[in-house]
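[1] Predicted model and sequence below, questions to follow.
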Amino acid sequence: MNARLKMTASRRRLVSLLISISPALILIGALFLLPLLRLIQLSTTDAYPKPSEVLTFENYAEIFARAFHLTSLVTSLELAVVVTVITAVLGYPLAYYLVRSTSRYKALILLAIISPLLISVVVRSIGWLILLGREGVVNQLLLSLGLVSEPLQLLYNFMTVVVGEVNILMPFMVLSLTTSLSQIPRSLEEGASVMGAGAVQRFLRVTLPLSAPGLISGAMLVFILTMGSYVTPQMLGGGKVNVITTDIYSRMMVDFDWPMGAALSVVTLLLTLSVVVVMSRIQSRLMGGMTR
Amino acid sequence: MSQEMLSTTLPPATVPARRGRAGKRRATPRMLGLYAAVMALLSALPLLILIPVSLNPKPVVGFPEGGLSLAWYVKVFEGTNFPEAFLTSFLVGIVSTGISLIAGSLAAWGLTRNRFKGVALVEAFLLSPLLLARIVYGIAMLIVLTQFGLIRTTSGLIVAHAVIVMPYVVRIVGSTLLGIPKSLEEAAAVLGAGQVRTFARITFPLLRPGLIAATIFGFITSFDEFTMTVFLVGAQTRTLPVEIFRYAELIVDPSVAALSVMLILGTLVAVIVLERTLGLEKVLKA
Amino acid sequence: MNAASIRLNSVSKSFGPDVHAVQDVSLTIEPGSLVTLLGPSGSGKTTILRSIAGFEDISSGEILIDGESIAATPTHRRQLGMVAQDYALFPHMTVRDNLAFGIRSSRRARRERSRLSSGQVAERVDRMLALVGLDGFQARRPQQLSGGQKQRVALARALVTDPRVLLLDEPFAALDKHLREQLQIEVRRIQQEVGITTVFVTHDQGEALSMSDHVAVLNRGRLEQYATPLEIYDEPATRFVAEFVGRINLLDGVVASGNAGRTDVVLADGSRIALEGGRETPAGERVQLSVRPERIRLTHASERHDDGLNTIMGVVKTVVYLGDRIDVTMNTIVGEIAANVPRDRSGDTEFADGDHVRIQFAYGAGTVLPDLLPS
């Protein structure tokens, strides 16, 4: 009888909490955390599936020793930086428009901008291929207008990959900026105008600093996602733009050098992780400065 | 003014543009609107271009000349692996979303209804798949599924997709739950309703829009997944994005455009449902 | 009617090792009475209410309803009614369904009760809505109601299940002043009409005094005083109660002689104040003399004055006109004193800064509090 009586409100709550979160914890623990640990373990072996029993960091040594791997890593970083900067510059006015505009077409514009979140990047890449291919729509147009005599090579270079990435990652930048911008009361900007600030000053002194957290988290997301993206560099780069992800793919699925593929993955993981840490440091410092 | 300060979402798009006497007091400058329209058009262009191409009667990837044809739409269903791949994607999407919906909703409920010390930690753990590059997770799963003989199987795809989808469910359902005041559940209890009746009559009906949104967004996420999936599929278990990718590696013809148009239309329907339930923006920002 | 008694026996509640929300509170609530838990935020009043409801466990002590401990009874079997601060109306149900929800739920909880037909349910809903003056609102949704209407629906929903105890958690906090006063009267009327034992939580002392049979004043988790509103106001047991309920003047002094029925207090300046009634206090004890501002009689020093009253001389510092009354603060040799006096048209009650005034109050108008440090 006492056992039943002890079923007090807090104990009932604890039981229901444990029951409710355990399936998800088991799912993520067993199917996410464990595979990751296994990946890290595999990256420190010399062969798959029959490694010698010794722990080795040879793969990591090789990654930094051999120029080939570094090029793909450097290209990835370059790509991520360029894409992040361009999305920020192009996305900021877009986000500002979406927050402040009262146009009836706004919903349509929003839908077009965020469509990459809803349609597979493969489908979108097909669209780019059709647009930019040698016999693609753009070349057809240029030829028929007589602007060029030979079809241009628009695909399979760094800039095409940049365009594709900017396109699919723009929603992340815009959504994180609108969240931030919509929290700025318009009265603040109006207040600045009343005090005689011009449009540029108003932007630099009021709007930009207040939206900085959104800008940084957007940049962080775009950077991470570019580093990890595979479809766009592969389909629009056509083998000519070698980034870390395409490198990992060929290591794993062409050369079947799994320990090396695993090591490259871990390097990518650590690299993105360190970017996250640095960026969120900057962000929290900015936020701290604002509340002070 | 206070309403504006509280509002964290965009003002409704149906409000007509404020036009001052000389058109000077516009909410946003005209140039900005023009810029937004151009950016939207550029973003939609790779999708819009698929429509005319898919209607081309000739096997040419370009604007149709001399009439329109639906022949390529028919071809999608004949002589390609697309229907099979669609079924694989559909099955994987439904089952993995189902699994994540159950596990994720329960977790979201537990985390929002019990504020204890470890909540933030558990939440971060459950959301961690969002931060990891899909390709890294794909390789991790490739290694593990190979070990357990589940590589290239539908079951293997399902569990991997469940992990990808679950964080979204936790966030969407969690944010819906946060919008349901705890006092409603307490009021139901005071009125004599036990936990089951309280859930069935109060919590669940209020949660339904969030569950629908999570289901649709989860399904879309699984259905569109490529970067992780490409490591896990076999010849018999290719999902639709993987099959399209393989197909396009060999040739880009109007039939793949036709397929893409069908996918876009399907997505559009899903988007409309999302907008009607939770609101698209709320789902994406959850 | 099944009005229940409630008894709290040394109830304590801690959140973690350092936060003691409620400490050793004991009190008895008579069947059919309305008891207010009054205190500032953090005083533990809400925690007590939530413990009675079963949303929180108490750390020690026990809560009895009709003599039975409710520790093992989950909320939904406690047969309570409650009006929450946000009313907690179910937004996806009509007013009718909101009320019917409780009837159907408690029917399940109490198996012995015979099944009610939907006609009987509707009849009870209608009757209850009529009682709160909202007949005709059955098909409305909560979003279509004003704040006051929501509050009435919440009250109707709480009462329609015929509960043993009604819990009111700051139900007027979200309403404007005028509506609040109107609903206070109405809630009290309905409570008395139904005759239900009611626990009412508020931080508004005016609300507490006007509505309750008994008031429990809480501060930092401790019960400071449990008494009728009049006793709380006229004879505050502690300095906290004196200061929290209404405005009050507190003057330091020492008891010169304390006989039954009469206490003489010597103030800091040596003047002697005589008080009648109240607690017996031994001579020599340091005390605080408390006088409500509205118990003070104020005259110009130059005027004729009544004897037979305690008198302190002062100089007017500020004057605030409040329509029919005046707030006057004065500097005196024993400290600042506030008075709130009626205003008449004769001009006798016109005071200005710097006026010399005579501050007087009757022997029964003040009380003596043990001299505690400010709480």
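    Done, it's in.

[2] Contact residues of chain C facing chain B?
    Applying CB under 8 Å from any CB of the partner chain, we find that chain C lies next to chain B at C:53-55, C:74-82, C:84-86, C:88, C:90-92, C:101-102, C:105-110, C:157-158, C:161, C:167. C-beta here means a position set from N, CA and C on the backbone, and glycine is covered the same way.

[3] pLDDT weak spots in the stretch 51-200 of chain A?
    Along the stretch 51-200 of chain A, the model assigns pLDDT under 70 to residues A:52-54, A:67-69.

[4] would you list every one of the helices in it?
    For the stretch 51-200 of chain A, the helices defined by DSSP state H, counting those that start in this stretch cover A:58-65, A:67-100, A:106-114, A:121-132, A:137-144, A:158-181, A:186-194, A:199-202.

[5] Can the fifth one be said to contact chain B?
    Put plainly, it is helix A:137-144. Yes. Against chain B, helix A:137-144 shows contacts by CB under 8 Å from any CB at A:V137, A:Q140.

[6] what angle do that helix and helix A:121-132 make?
    10 degrees (axes from the mean of the first three to the mean of the last three CA atoms, to 10 degrees).

[7] What part of chain B, helix or strand, is modelled with the least confidence?
    Lowest mean confidence among the helices and strands of chain B (mean pLDDT, DSSP states H and E): helix B:2-6, at a mean of 35.

[8] residues near C:S26, how many?
    Number of residues near C:S26 (other CB atoms under 10 Å in any protein chain shown) recorded here: 12.

[9] same question, the one 4 residues further on
    Around C:E30 there are 13 other residues, counting by other CB under 10 Å.

[10] residues touching the closest residue to it other than its chain neighbours, list them.
    Closest residue to C:E30 apart from its sequence neighbours, by CB to CB, 6 or more residues apart in numbering or on different chains: C:S5 at 6.2 Å. By CB atoms under 8 Å, 6 or more residues apart in numbering or on different chains, the contact list for C:S5 reads C:T28, C:I29, C:E30, C:P31, C:I65, C:D66, C:G67, C:T197.

[11] can you tell me how far C:S5 sits from C:Q192?
    17 Å (CB to CB, to the nearest Å).

[12] Check which helix or strand residue 274 maps to.
    In the absence of a named chain, this looks at chain A. In this assignment (DSSP states H and E), A:S274 forms part of helix A:258-291.

[13] meant chain C, my bad for not saying
    Going by DSSP H and E, C:A274 is part of strand C:272-276.

[14] Show me what that strand is packed against.
    When contacts are defined as 3 or more CB pairs under 8 Å, 6 or more residues apart in numbering or on different chains; DSSP states H and E, strand C:272-276 sits against strand C:262-267, strand C:366-370.

[15] most tightly surrounded among those strands?
    Of all those, strand C:366-370 carries the top mean neighbour count, a mean of 21, counting by mean count of other CB atoms under 10 Å in any protein chain shown.

[16] what about the residue of the stretch 1-150 of chain B found nearest chain C, which SS state?
    Closest to chain C within the stretch 1-150 of chain B is B:K117: 9.7 Å, counting by CB to the nearest CB. When classified by DSSP: H, G, I helix; E, B strand; the rest coil, B:K117 comes out as coil.

[17] burial count for it?
    7.

[18] Check what pLDDT it gets.
    Looking at B:K117, its pLDDT is 74.

[19] Repeat that for B:T112.
    Note on B:T112: pLDDT of 88.

[20] I'd assumed B:P181 was in contact with it.
    No. At 11.4 Å, B:T112 does not count as touching B:P181 under the criterion of CB atoms under 8 Å.

[21] Pick out whichever of these two has more residues nearby.
    Taking other CB under 10 Å, B:T112 and B:P181 do not tie; B:T112 has more neighbours (20 against 15).

[22] can you pull the buried residues of the helix or strand containing that one?
    Following DSSP H and E, one finds B:T112 within helix B:82-113. If you call a residue buried by 16 or more other CB atoms under 10 Å in any protein chain shown, then helix B:82-113 has these buried ones: B:82, B:85-86, B:88-89, B:92-113.

[23] and C:T329, what are its phi and psi?
    phi -110, psi 140 (degrees, to the nearest 10).

[24] Can stretch B:181-192 be said to contact chain C?
    Yes. Shown here: stretch B:181-192 in contact with chain C (CB under 8 Å from any CB) through B:P181, B:S183, B:L184, B:E186, B:A187, B:A188, B:A189, B:V190, B:L191, B:G192.

[25] in that stretch, what's buried?
    Neighbour count says stretch B:181-192 has B:S183, B:L184, B:E185, B:E186, B:A187, B:A188, B:A189, B:V190, B:L191, B:G192 buried, by 16+ other CB under 10 Å.

[26] Ok, stretch A:40-59 next?
    Of all the residues in stretch A:40-59, those buried under the rule 16+ other CB under 10 Å are A:L42, A:S43, A:T44, A:T45, A:Y48, A:P51, A:N59.

[27] who's in contact with the residue positioned nearest the centre of chain A?
    The centroid of chain A falls nearest to A:L225 when counting by CA atoms, centre = their mean (1.9 Å). Counting by CB under 8 Å, 6+ apart, A:L225 touches A:L169, A:F172.

[28] so how many other residues sit close to residue 62?
    Assuming you mean chain A. Quick note: A:E62 (other CB under 10 Å) scores 13 neighbours.

[29] meant chain C, my bad for not saying
    Count around C:E62 with other CB under 10 Å applied: 14.

[30] A:G196 now?
    A:G196: 8 neighbours (other CB under 10 Å).

[31] which residues does it contact?
    Counted by CB under 8 Å, 6+ apart, A:G196 has zero contacts.

[32] what about C:T311, helix or strand, and which?
    strand C:310-322.

[33] Name the residues that touch that strand?
    By CB under 8 Å, 6+ apart, strand C:310-322 touches C:267, C:271, C:273-274, C:301, C:305, C:326-334, C:336-337, C:343, C:351-363, C:366.

[34] As a markdown table, the contacts of C:S5 with pLDDT, secondary structure and distance to A:Y249 would be great.
    What follows is the contacts of C:S5, written out as a markdown table (pLDDT from 0 to 100; DSSP: H, G, I helix; E, B strand; the rest coil; distance: CB to CB, whole Å):
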| residue | pLDDT | secondary structure | distance to A:Y249 |
| --- | --- | --- | --- |
| C:T28 | 96 | strand | 76 |
| C:I29 | 96 | strand | 73 |
| C:E30 | 95 | coil | 79 |
| C:P31 | 95 | coil | 78 |
| C:I65 | 95 | strand | 69 |
| C:D66 | 94 | coil | 73 |
| C:G67 | 93 | coil | 75 |
| C:T197 | 96 | strand | 73 |
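
[35] now those residues: which count as buried?
    C:I29, C:P31, C:I65, C:T197.

[36] Bridging across strands, which residues link to the nearest residue to the first one once chain neighbours are set aside?
    Here the nearest residue to C:I29 in space, its sequence neighbours aside, is C:I6; by CB to CB, 6+ apart that works out to 4.1 Å. On DSSP bridges, the residues paired with C:I6 through beta bridges are C:I29, C:I65.

[37] What pLDDT is listed against C:I6?
    Predicted confidence (pLDDT) for C:I6: 96.

[38] give me phi/psi at the residue in the stretch 1-150 of chain C positioned nearest to chain A?
    In the stretch 1-150 of chain C, the residue that lies nearest chain A is C:A72 (4.2 Å; CB to the nearest CB). For C:A72, the backbone dihedrals (degrees, to the nearest 10) come out as phi -90, psi 0.

[39] ditto for C:V291
    Main-chain torsions, C:V291, degrees, to the nearest 10: phi -140, psi 130.
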